[in-house]
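[1] from the sequence below, what's the structure:
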Amino acid sequence: MEKDNNRITSADKDFVKTDLEHLEKTEEDVVRKPDSIRNLSDVELQKLETKMVRKMDAVIMPIMGILYILNYVDRSALAATKVYGIMEDLGMSTSDFATAISILFVGYLPFQIPSNLIMTKISRPGLYICSASLVWGCVSASTAAVRSYHDLLVVRVFLGVTEAVFFPGVIYFLSAWYTKSELGKRLAALFMFQMLGSAFGGFVAAACLTLDGRYGISGWRWLFIVEGVATIGCGLISAFIMPEYPHNARLLKPIERDYAVWRLEMEAGAGEAHEDTSTLGGFKLALLDPKVWSLVWCMGMAQALGSVVNFFPTIVQSLGYDKTNTLLLTAPPYILAAILFYFLSYISDRKNTMYPIIVGCLGVAVIAYVISLTTLKTAPRYFAMMLFPSVCTGPQIMVYKTMNLHMARPFPKRAAGVAMMNAIGGVSNLWASYLYYDSPHFYAAFGCLIACSFSFFITSTIYAIHVRRINKLLGGTPEEQRRAMKSGVTQQQIDLGWRYLGY
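    Predicted coordinates:
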């Protein structure tokens, strides 16, 4: 018995010794500081970082923002054309139009995962994204040439395939440049661009549709021509400016490249510049991680909530306004959403919080949907519509941020997780497109969205409980930390004091 006690004592000493060795390590011991910045003071590093981040923001965010506006506008332009006669010109029924909306995702969803995996293997992801915009601009413009319903379906599938590169690629790309205290505001800025694009997209659509009959071309055809040509031009210019990864970006000076890589690896361990996990290995890790699947489900519910945007002109039209006023009334809700996104992202980055924001948005969403279900009066209904873009997209921003921060390493797993979340979660756009009938009540749509809100809340709450339990293990004994590593945390992350934040 005494020998057994000695063995236990000896094992405990080994655990304590290992724990002390990890505690004695500084962050700079875990991630080696580059020689170019080793002798810089904290004040000098702060000045370097401020200048570097401003430079990144000045180039990356405007390009990504403009392309995202065009990406979203090209994809959602079909919703505006319903008000201006595309159904009559192509002989479409309400069900046919819903199919034309949803069939885009047949091409869009399955190509996102392979596209993001390709991005982890190429050295110029910026050029890859910009080149894709050229292609989808051409496809979007070709929509103006369709002569039948079946022609439209074919073009929509190809538009989905070409646009699949952009959004999950941009989410992953931004996470390769910005730290956890910066990423939320940049993701919000991206969605703010989307909201502004949606807002002014209504004005652009109204302007293009006034060309109806010019040179014998219908107004809705002019809309696709104008937006497609604009996308081609912006994509071509962006291809010559867009930077790549921090470690090979010509945008940055050598010392800035070193610091950009080092500060990211100080947060979560080896990244794009030094990680050696294979692409397929990262994809396998994502497939086997239940946390990834929880976030995929949450995104599926968020995308279902967001389906209301695809039919927003139709819903606004149920208020009884004419075609032009209907398109103009779609703008204010998106402008409000852009303002709220910045406010929410500021709180998220400053307080390192995501779960309370998700819950708050879902609570407001349920109120908005209940109002829409229970009254047809213009004032309360438009008040609820003012909230739709904010409450459906705000949680999406937080879920994207969660994936990028909680699955930070290895980076191929992060890339695969983002694509899975957007691709599989995006399946909701297929079935949700068939809910928007029985105007002006839309009972099926709003009732289903209330159910999705509750499902989202339950899943995110279970996820929060799970990661809090893992955080306790990460702060425990070496044996508990080894148990936490089974959930996907690396030894380097443990040494850095990494935690699942925001929940």
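
[2] burial count for Y463?
    Look at Y463: counted by other CB atoms under 10 Å, it has 23 neighbours. (Glycine included, C-beta is placed from N, CA and C.)

[3] what do you get for M266?
    M266 is flanked by 15 other residues according to other CB under 10 Å.

[4] please apply the same query to R38.
    R38 is flanked by 10 other residues according to other CB under 10 Å.

[5] ok, K351 - how many residues close by?
    For K351, the number of neighbouring residues by other CB under 10 Å comes to 12.

[6] to clarify, my last question referred to A451.
    12.

[7] ok, R350 next?
    11.

[8] swap in T490?
    Residues lying near T490 (other CB under 10 Å) number 16.

[9] quick one: mean pLDDT over stretch 399-413.
    The average pLDDT within stretch 399-413 is 82.

[10] and it, how far out from the chain's middle?
    With CA atoms, centre = their mean, to the nearest Å as the basis, stretch 399-413 stands 12 Å off its chain's centre.

[11] between the two ends of it, what distance do you get?
    Start to finish, the residues bounding stretch 399-413 are 16 Å apart (CA to CA, to the nearest Å).

[12] looking at it, Y355 is touching S460, isn't it?
    Yes. Between Y355 and S460 there is a contact under CB atoms under 8 Å: 6.4 Å.

[13] who's more crowded, those two?
    Between Y355 and S460, S460 has the larger neighbour count (other CB under 10 Å), namely 26 against 17.

[14] how about whichever strand or helix holds the more buried one: buried residues?
    Per DSSP states H and E: S460 is located in helix 443-474. Buried residues in helix 443-474, counted by 16 or more other CB atoms under 10 Å: 445-446, 448-450, 452-453, 455-457, 459-460, 463-464, 466-467, 470-471, 473-474.

[15] could you give the angle of the helix or strand just after that helix to helix 443-474?
    Next along the chain after helix 443-474, taking DSSP H and E as the criterion, comes helix 478-485. Angle, helix 478-485 to helix 443-474, by axes from the mean of the first three to the mean of the last three CA atoms, to 10 degrees: 150 degrees.

[16] same for helix 478-485, what does it pack against?
    Identification of packing neighbours for helix 478-485 by 3 or more CB pairs under 8 Å, 6 or more residues apart in numbering; DSSP states H and E yields helix 2-24, helix 443-474, helix 491-495.

[17] which of these has the lowest mean pLDDT?
    Of all the helices and strands packed on helix 478-485, mean pLDDT reaches its minimum on helix 2-24 (a mean of 46).

[18] shaky segments in the stretch 51-200 of the chain?
    Along the stretch 51-200 of the chain, the model assigns pLDDT under 70 to residues 198-199.

[19] spell out the residue ranges of the helices in it.
    According to DSSP state H, counting those that start in this stretch, the stretch 51-200 of the chain carries its helices in the segments 86-90, 94-102, 104-108, 112-119, 125-142, 149-163, 166-175, 180-209.

[20] adding mean neighbour count and distance to R499, write those helices out as CSV.
    As requested, the helices of the stretch 51-200 of the chain are exported to CSV (neighbours: other CB atoms under 10 Å; distance: least, CB to CB, whole Å):
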stretch, mean neighbour count, distance to R499
helix 86-90, 17, 51
helix 94-102, 18, 40
helix 104-108, 21, 34
helix 112-119, 21, 26
helix 125-142, 22, 28
helix 149-163, 19, 36
helix 166-175, 25, 17
helix 180-209, 22, 11
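
[21] so for I424, which of those helices sits nearest?
    helix 112-119 (8.5 Å; CB to CB).

[22] report the distance from that closest one to the chain centre.
    Using CA atoms, centre = their mean, the offset of helix 112-119 from its chain centre is 15 Å.

[23] would you turn the helices of the stretch 51-200 of the chain into TSV with distance to L48?
    TSV is the format used below for those (distance: least, CB to CB, whole Å):
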stretch	distance to L48
helix 86-90	53
helix 94-102	48
helix 104-108	40
helix 112-119	28
helix 125-142	22
helix 149-163	37
helix 166-175	21
helix 180-209	15
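
[24] just so I know, which of the ones you listed lies nearest L387?
    The closest of those to L387 is helix 180-209. By CB to CB, the value is 12.8 Å.

[25] show me what that closest one is packed against.
    Using 3+ CB pairs under 8 Å, 6+ apart, the elements in contact with helix 180-209 are helix 42-81, helix 166-175, helix 219-239, helix 323-329, helix 331-351, helix 378-406.

[26] of all those helices, which one is nearest C298?
    Among the helices and strands packed on helix 180-209, the nearest to C298 by CB to CB is helix 378-406 (5.2 Å).

[27] would you indicate which residues of that closest one are buried?
    Result for helix 378-406 [16+ other CB under 10 Å]: buried residues 381, 384-406.

[28] ok, stretch 281-289 next?
    G282, F283, L285, A286, D289.

[29] just the pLDDT for the second one.
    The one in question is F283. pLDDT, read off for F283, is 84.

[30] which element is it on?
    helix 279-288.

[31] what sits up against that helix?
    Applying CB atoms under 8 Å, 6 or more residues apart in numbering, the contact partners of helix 279-288 are 113, 117, 120-121, 277, 292, 407, 410-417, 420, 488.

[32] list buried residues within the residues you listed.
    113, 117, 120, 277, 292, 407, 410-417, 420, 488.

[33] picking that back up, between the helices of the stretch 51-200 of the chain, which one is nearest to N39?
    Evaluated with CB to CB, these place helix 180-209 nearest to N39, the distance being 24.9 Å.

[34] correct me, but G65 touches F193?
    Yes. The pair G65 / F193 is scored as a contact, 3.6 Å apart, by CB under 8 Å.

[35] what is the neighbour count of N71?
    Counted with other CB under 10 Å, residues neighbouring N71 total 28.

[36] from memory it sits against V135, does it?
    No. N71 is beyond contact range of V135, at 11.8 Å (criterion: CB under 8 Å).

[37] and the end-to-end length of stretch 416-436?
    One end of stretch 416-436 to the other measures 32 Å (CA to CA).

[38] per-residue pLDDT of D35, please?
    At D35, the model reports a pLDDT of 84.

[39] need the contact list for it.
    No contacts exist for D35 under CB under 8 Å, 6+ apart.

[40] so where does the closest residue to Q112 other than its chain neighbours fall, helix or strand?
    Distances taken as CB to CB, 6 or more residues apart in numbering place A423 nearest to Q112, at 4.0 Å, with adjacent residues excluded. Per DSSP H and E, A423 falls inside helix 411-425.
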